[in-house]
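Participant: Test case, fold it:
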Amino acid sequence: MLENINLSHLLILDIETVSQKPDYQNLDEEWQELWSKKVGALNNPEIDASANYDRAAIYAEFGKIVCIGLGIFHYSDGQLQLRVKSIHNDDEKVILEEFSELLNKHYASDQHQLVAHNGKEFDFPYINRRLIINGLKIPKILDLAGKKPWEVKHLDTMELWKFGDYKNYTSLAVLAKCFDIPSPKDDIDGSMVGHTYWQQNDLERIAVYCKKDIVTTAQILLKFKNLPLLSQENIQIQ
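Facilitator: Numbers count the residues shown, from 1 in each chain. Modelled structure (predicted):
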């Protein structure tokens, strides 16, 4: 599987997102109404829009990116290695500008590909929407306009695992368990990111969690290619 994929040409990414505001009460009146419409609270009085506001993080219109994790494979002394870093900041535009610069400078050729778990449904479109909202240009490798399916340079490990079964959803944690890969959810998980950011003010902890997801996605890719997992000595986390 993936025999034609050159690991050195891949950029593995993962995003962490939070709601625009710490809670529903901090939204202005218009945003409160828009969120209430989104969750159906205006048509169903049993739905509490404020209690559902933690879900805002998954919608690009109501959330923002606080961290982008990045991973690249490279060879050193003939050994495959993984380098992992993150771009994280309270200012989303700063994150997106640095990420866009990286893509435009190093990942603009047709040989490069982006990789994410559930990336086609979440990470890639979310990034593009937030780029536009922030008044930034979409980098070539992320821009799908006018491209044929085989011209899109995106790999999605969840889509690969589906093997054509479009009703199937498999989390990164489940795949990690299947392949006996250490779980990236040993500290926090996605449901805790908003609380960690808004209540605990701990963006560094979110960045650590994000980079663990990058390592797990990279290891899963190796399993897909029937290659051995990387040892900790061959993983550099910045």
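
Participant: residues of the helix ranked longest in the chain that come out buried?
Facilitator: The helix that spans the most residues within the chain, counting by DSSP state H, is helix 203-224. For helix 203-224, the neighbour count (16 or more other CB atoms under 10 Å) marks 203, 205-224 as buried. For glycine as for every other residue, the C-beta is placed from the backbone atoms N, C-alpha and C.

Participant: Distance check, residue 173 against residue 149.
Facilitator: Applying CB to CB, to the nearest Å, the value for residue 173 to residue 149 is 29 Å.

Participant: Of those two, give the one with the bigger neighbour count.
Facilitator: Set side by side, residue 173 and residue 149 show more neighbours around residue 173, with 16 against 6, by other CB atoms under 10 Å.

Participant: Let's verify the more buried one: helix, strand, or coil?
Facilitator: Here residue 173 is helix, with the state taken from DSSP: H, G, I helix; E, B strand; the rest coil.

Participant: Would you map the strands across this structure?
Facilitator: Assigned by DSSP state E, the chain shows strands spanning 10-19, 63-76, 79-88, 113-116, 154-156, 235-237.

Participant: Pipe those strands into a markdown table and attach distance to residue 144 per row.
Facilitator: As requested, the strands of the chain are exported to a markdown table (distance: least, CB to CB, whole Å):
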| stretch | distance to residue 144 |
| --- | --- |
| strand 10-19 | 16 |
| strand 63-76 | 19 |
| strand 79-88 | 22 |
| strand 113-116 | 12 |
| strand 154-156 | 8 |
| strand 235-237 | 31 |
